[in-house]
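*Asks:* What shape does this take:
(chains A and B)
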There are 2 protein chains.
Amino acid sequence: MRIALIQSNPLVGDLNGNRAALQQHCVQAAAQGAQLALAPELALWGYPPRDLLLRPALLEEQDRQLDQLCRELPPGLRLLAGVVEAQAEGLYNAMALVEAGHWRLVARKRLLPTYDVFDELRYFRSGEQPYWLDLPSDGGKLRLGLSLCEDLWVSPDILGYQPQDQDPVGDLQPFGIDLLINLSASPYGHGKRALRQQLASAAARRLQCPVLYVNQVGGNDELIFDGNSFVIAPNGALLCTLPCASSAVACWETPTPPTAAPLPPPLNPLISSPAEPDRDLAELWQVLVLGLRDYAHKCGFRQALLGLSGGIDSALVACLAVAALGAEQGRALLMPSPYSSLGSLEDAEALAQRLGLRHDRLPIAALMAGFDQGLSSVLGGQPQGLSAENLQARIRGTLLMAVANQEGQLLLATGNKSELAVGYCTLYGDMNGGLAVIGDLYKTEVFALARWLDSGAAAAQRRACGLPAEGELIGAAIRDKPPSAELRPNQKDSDSLPDYGLLDPLLKRLVEDHASPEDLVAEGADRQEVERIWGLLRRAEFKRRQAAPVLKLSARAFGTGWRMPIAAGG
Amino acid sequence: MRIALIQSNPLVGDLNGNRAALQQHCVQAAAQGAQLALAPELALWGYPPRDLLLRPALLEEQDRQLDQLCRELPPGLRLLAGVVEAQAEGLYNAMALVEAGHWRLVARKRLLPTYDVFDELRYFRSGEQPYWLDLPSDGGKLRLGLSLCEDLWVSPDILGYQPQDQDPVGDLQPFGIDLLINLSASPYGHGKRALRQQLASAAARRLQCPVLYVNQVGGNDELIFDGNSFVIAPNGALLCTLPCASSAVACWETPTPPTAAPLPPPLNPLISSPAEPDRDLAELWQVLVLGLRDYAHKCGFRQALLGLSGGIDSALVACLAVAALGAEQGRALLMPSPYSSLGSLEDAEALAQRLGLRHDRLPIAALMAGFDQGLSSVLGGQPQGLSAENLQARIRGTLLMAVANQEGQLLLATGNKSELAVGYCTLYGDMNGGLAVIGDLYKTEVFALARWLDSGAAAAQRRACGLPAEGELIGAAIRDKPPSAELRPNQKDSDSLPDYGLLDPLLKRLVEDHASPEDLVAEGADRQEVERIWGLLRRAEFKRRQAAPVLKLSARAFGTGWRMPIAAGG
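*Replies:* Residues are numbered from 1 along each chain as shown, chains lettered A, B, ... in the order given. Okay, here's the model as predicted:
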């Protein structure tokens, strides 16, 4: 049987549009000779639909779209797609078999992720039995094991933790299935492509059958679905993969007899691929470009705006914006204050020129003086210290929003995760924007991605998204200067923060592992330093609550997967 | 047996401070002759602890605090308190019996709310059996049924929906319990006090025993816990209540024999109390004052700042701020633009004078001109339309933040729910602030609360929180003027929005009931109007995502219980 994997990029909640796109993908699949097509988890909805699932009218709309889809399906093609099943007792995250003229529900998701960004138990009940389906194939039948996303996440040795109580893979063992299908909506995370393949490989070996893993692709708010769908052989070897970060329809043929083709060696049991740092960075770049492009386009923006300071964060975001939307769709403002160095300004302009990005200087000294004068009457003097520093950032943020509003652009926030963690950022100032593009990259990761982008290793990626492929893009002047917000004379980040090389690993332990300061001290960190960082991290919660959505890259990004009280002690 | 109900106000995550406060409450209980004390759900943590529950170090800390608490407990007093139970398979929302010298776990919460603002299945597993406890009492023994919050929410006729699969109340029926204990952390909602009493009353009648319901009190970020703990008789009658919106320790004596005292008539089965609108408004006022005070104090602020426009929203927030923190701890800025009416300015000043609130005029015309001039160079002309209107709001927001930063004040956002719903508010402008005090009151509800506050019915409440008790506070000039943002000449809200009397009921159906535009049209609303409102509601999602925490009052507030995608279609 020829099976098509449809790696589709839905718009959340657009049931009609997603149905129409799926129908087109099915036409492509049929044209490639497929008898069966597989679409991702909740393919008609886009994942995650979040509280759209609470709207009864949308549930009715889904069934109308499925009715239409089965009327439009190419003859001879069957489709397995993720849908919502509405029952009197509640909803299920389910799978439908769509055939010419009718459709029916064939499986329910059993393991419902309710951690990090996932809230599935808010919406769904669990399926409580193994699900499989017999389809006619080449005169005989093919028995398909059916699973949805998390149902495959059951191997404690690979996951490093004991998963939920049910074992949807093991429960299929008695039923002699010929193929395991997994329809997923699994967002990008560092090392996650390899992790998914390991889990599918383990399932293939347990069930002694191939595994077909179909993932959603595209950016939906904070989450970037990288695609990277694949097929695994019964011995656990990787047979084929679909692209990273773009939609695709690809076919795979079930072997007849199953042992006919020689199999490649099984997958390496390592979760991450330390030997492939450039590939990891290339993939990181690709998903960031995708996440930014999809957020802009799915929100209805063609153009983006950002403030360019001459520092590395806004430089990287400028490169990403040009890669995602095109140089002609971007605009940058340079807004020097009396504390801005001439070097920074020149570096920013040189970068914008290399990128072909429209850019303008808009000095803020006069506005600073205007605010100082106005505020003096109510403060009994000019703003001082942090208040004065924040004021500069807010003048810039207000200028950027005025331009973005007037020209219909998406303003991009350029802060990184280290800053968001310790509150080294100004609410309603440099935090302004519709999307925090690199808000889940620590400063050291920003440097690493910038170095990769400037290296020969990035040439293919740069070419692929229309960036100049030759020479340095960000450049050593920006990459090598000491980080500074330039909000007072000769200010450096290192005046008030530890070196990022020291800070970032500590933040990672505190944020991503929920470690305590005591843990870090026990691991050798300086107690006073750790307690200061801990205090900064906790006190910045009010800023993060009002931050723009952060494109999620790590195991724990600030945003919907980080749910901390603001008013808290201890 | 004399039983003390401890209605305590914890600081989330402050295990040490909450333990110390609980110990003091136990001393009070013992002084009142209590043999048993009851503290709310998760009493040591404060509810909701949210992702603090993911920190292993805090789980260990809890057990140390419980060890200390049982060492400090007054002799002869036992305490039942909500705690976290950590097991290898996961956490439970549990109950501990603390006695002099030792403590042990005695119950697990069975129904874990995972809807609206609640995420309990993110953290906890469910208890799966009925829990009870025999305590010695007057030579015999008393059998206590043990339940936690949602475990009481099992009556479909009262709730209007079919609750979860388990029936923790019914499961206790075979065990002949003498008393049902419910330790809760149930946030305020319109009509919720009566609803809780109805549910407890139904449980009392099913189990033929008294119900003791102990609720947390205090504001924790968005959530305001109103207290209102109570005791219900076996016939369902309300025996005694603890205060609304303040902490308290009160004792109740188990009757000996149980039938000795004549019982009051049972509770009216109505959920809301339409005959008591003034009591409802008084309670609404009290919880808003509590929510504002606790958010400020628990975040470390003594002082608050707000922009006073002369409109009703900022007027009401000014009254709440003075009630919560004291007039001497508040400050207001009046920031007229050329479009501000003289009347508004005078109304704002008159209100500030009535409240004894420090206030200053800070005109923004010069700053508007400064921005216009600066922006002209990059826009090819001055900002126009919405861009120009937003600019005024952002200048004001920047001025307010500068003063709040310089003086260490909490800036209060003054927008209402109608504005947040349709996006009639400026991100990084009038949305600025640490707390959106009335962000869960529709405009019509703002008017209703203002009318109540100005009426004789509010005199006692006004006196209780130090406001002038005589005469009108907000005044007819502010209450009766047509709503206007005054961002362009002669602008009125009604230029671009339907009358709030028409708009608010539609918004309530769309937001709180997840109704569809089709539903509203079927109910008689104008299709074109509904579709316009629907479009405004959906397009404002990006603003709401960056809004300040909104004090939750309704069944569906914008904030942690409203989880909508931003980039969405359909």
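*Asks:* and residue A:6, how many residues sit next to it?
*Replies:* Using other Cβ atoms under 10 Å in any protein chain shown, residue A:6 has 29 other residues around it. C-beta here means a position set from N, CA and C on the backbone, and glycine is covered the same way.
*Asks:* Let me see the contact set for it.
*Replies:* A:22, A:25-26, A:29, A:37-40, A:43, A:214, A:249 (Cβ atoms under 8 Å, 6 or more residues apart in numbering or on different chains).
*Asks:* Also within reach of chain B: list those from the residues you listed.
*Replies:* Checked against chain B using Cβ under 8 Å from any Cβ of the partner chain, the contacts of residue A:6 give no members in range.
*Asks:* In helices, which of those fall?
*Replies:* A:22, A:25-26, A:29 (DSSP state H).
*Asks:* from these, which is closest to chain B?
*Replies:* Checking these against chain B by Cβ to the nearest Cβ gives residue A:22 as the nearest, at 14.4 Å.
*Asks:* Tell me how many other residues crowd that closest one.
*Replies:* 25.
*Asks:* for residue A:321, same thing?
*Replies:* 30.
*Asks:* Please tell me how far it sits from residue A:291.
*Replies:* Separation of residue A:321 from residue A:291 (Cβ to Cβ, to the nearest Å): 12 Å.
*Asks:* what's the helix or strand for residue A:452?
*Replies:* helix A:443-454 (DSSP states H and E).
*Asks:* helices or strands next to that helix in the packing?
*Replies:* helix A:277-298, helix A:312-325, helix A:417-422, helix A:476-480, helix A:500-512 (3 or more Cβ pairs under 8 Å, 6 or more residues apart in numbering or on different chains; DSSP states H and E).
*Asks:* That one vs helix A:500-512, what angle?
*Replies:* Orientation check (axes from the mean of the first three to the mean of the last three Cα atoms, to 10 degrees): helix A:443-454 against helix A:500-512 gives 120 degrees.
*Asks:* quick check, distance from helix A:443-454 to the centre of its chain.
*Replies:* 18 Å (Cα atoms, centre = their mean, to the nearest Å).
*Asks:* Next secondary structure after it?
*Replies:* Defined by DSSP H and E, the subsequent element after helix A:443-454 is helix A:459-464.
*Asks:* Packing partners of that following helix?
*Replies:* helix A:277-298.
*Asks:* same question for the helix it packs on, mean pLDDT?
*Replies:* Across helix A:277-298, the average pLDDT comes to 96.
*Asks:* If you count neighbours, what's buried in that helix?
*Replies:* A:280-298 (16 or more other Cβ atoms under 10 Å in any protein chain shown).
*Asks:* can you pull the contacts of residue A:319?
*Replies:* A:355, A:453, A:467, A:473-474.
*Asks:* For it, give its distance to residue A:437.
*Replies:* Applying Cβ to Cβ to residue A:319 and residue A:437 gives a distance of 10 Å.
*Asks:* do residue A:152 as well
*Replies:* Residue A:152 sits 31 Å away from residue A:437, going by Cβ to Cβ.
*Asks:* Who has more neighbours out of these two?
*Replies:* The neighbour comparison of residue A:152 against residue A:437 (other Cβ under 10 Å) goes to residue A:437, with 32 against 22.
*Asks:* Phi first, then psi, for the more buried one.
*Replies:* phi -60, psi -50 (degrees, to the nearest 10).
*Asks:* ditto for residue A:245
*Replies:* phi 70, psi 20.
*Asks:* how many neighbours does it have?
*Replies:* 24.
*Asks:* what does the one 10 residues further on give?
*Replies:* Residues within reach of residue A:255, counting by other Cβ under 10 Å, total 14.
*Asks:* Confirm that it lies within a strand, as I assumed.
*Replies:* No. Read with DSSP: H, G, I helix; E, B strand; the rest coil, residue A:255 is coil and lies in no strand.
*Asks:* Would you mind measuring from it to chain B?
*Replies:* 40 Å (Cβ to the nearest Cβ, to the nearest Å).
*Asks:* Per-residue confidence, that residue, what does it come out as?
*Replies:* Looking at residue A:255, the pLDDT reads 81.
*Asks:* Check the gap between it and residue B:399 for me.
*Replies:* Applying Cβ to Cβ to residue A:255 and residue B:399 gives a distance of 71 Å.
*Asks:* Residue A:417 now?
*Replies:* 30 Å.
*Asks:* Which one's more surrounded, those two?
*Replies:* residue A:417 (27 against 23).
*Asks:* State the distance from residue A:491 to residue A:485.
*Replies:* Applying Cβ to Cβ to residue A:491 and residue A:485 gives a distance of 6 Å.
*Asks:* Look at these two and report which has more neighbours.
*Replies:* Comparing residue A:491 with residue A:485 by other Cβ under 10 Å, the one with more neighbours is residue A:485, at 21 against 14.
*Asks:* which SS class is that one?
*Replies:* Following three-state DSSP, the label given to residue A:485 is coil.
*Asks:* List the contacts of it.
*Replies:* Neighbour list for residue A:485: A:389, A:393, A:424, A:491, A:493 [criterion: Cβ under 8 Å, 6+ apart].
*Asks:* Which of the helices or strands spans the residue nearest the centre of chain A?
*Replies:* Taking Cα atoms, centre = their mean, the centroid of chain A lies closest to residue A:224, which sits 2.6 Å from it. Applying DSSP H and E as the criterion places residue A:224 in strand A:223-226.
*Asks:* From the contact counts, what lies against that strand?
*Replies:* By 3+ Cβ pairs under 8 Å, 6+ apart, strand A:223-226 packs against strand A:217-220, helix A:277-298.
*Asks:* Looking at these, spot the one closest to chain B.
*Replies:* Of all the helices and strands packed on strand A:223-226, it is helix A:277-298 that lies closest to chain B, at 3.6 Å by Cβ to the nearest Cβ.
*Asks:* per the record, what domains does chain A have?
*Replies:* A:2-268, A:279-497+A:540-545 (automatic domain parsing).
*Asks:* coming back round to it: which among the contacts of residue A:319 count as buried?
*Replies:* The buried subset of those - by 16+ other Cβ under 10 Å - is A:355, A:453, A:467, A:473-474.
*Asks:* Of those residues, which is the nearest to chain B?
*Replies:* residue A:355 (18.0 Å).
*Asks:* quick one, what contacts the residue nearest to the centre of chain A?
*Replies:* A:187-188, A:218, A:245, A:287-288, A:290-291, A:294, A:551-553.
*Asks:* looking at the sheet around it, what are its partners?
*Replies:* Beta-bridge pairing of residue A:224 under DSSP bridges involves residue A:219.
*Asks:* distance of it from residue A:116?
*Replies:* Distance from residue A:224 to residue A:116, by Cβ to Cβ: 14 Å.
*Asks:* ok, which of the contacts of residue A:224 also contact chain B?
*Replies:* residue A:294.
*Asks:* Would you mind giving the contacts of residue A:224 as a markdown table with distance to residue B:569 added?
*Replies:* Output for the contacts of residue A:224, formatted as a markdown table (distance: Cβ to Cβ, whole Å):
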| residue | distance to residue B:569 |
| --- | --- |
| A:187 | 20 |
| A:188 | 22 |
| A:218 | 13 |
| A:245 | 21 |
| A:287 | 22 |
| A:288 | 23 |
| A:290 | 18 |
| A:291 | 18 |
| A:294 | 12 |
| A:551 | 20 |
| A:552 | 21 |
| A:553 | 25 |
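*Asks:* Tell me where the stretch 51-200 of chain A has strands.
*Replies:* A:78-87, A:90-99, A:102-108, A:124-125, A:132-137, A:140-148, A:179-184 (DSSP state E, counting those that start in this stretch).
*Asks:* what pairs with the fourth one, and is each one parallel or antiparallel?
*Replies:* Looking at strand A:124-125 with DSSP bridges, its paired strands and their directions are strand A:90-99 (parallel).
*Asks:* next helix or strand past the one helix or strand residue A:375 maps to?
*Replies:* Secondary structure assignment for residue A:375, by DSSP H and E: helix A:365-379. Counting by DSSP H and E, the next helix or strand C-terminal to helix A:365-379 is helix A:385-407.
*Asks:* That following helix and chain B, any residue contact?
*Replies:* Yes. Using Cβ under 8 Å from any Cβ, helix A:385-407 reaches chain B at A:386-387, A:390-391, A:394-395, A:397-399, A:401-403, A:405-407.
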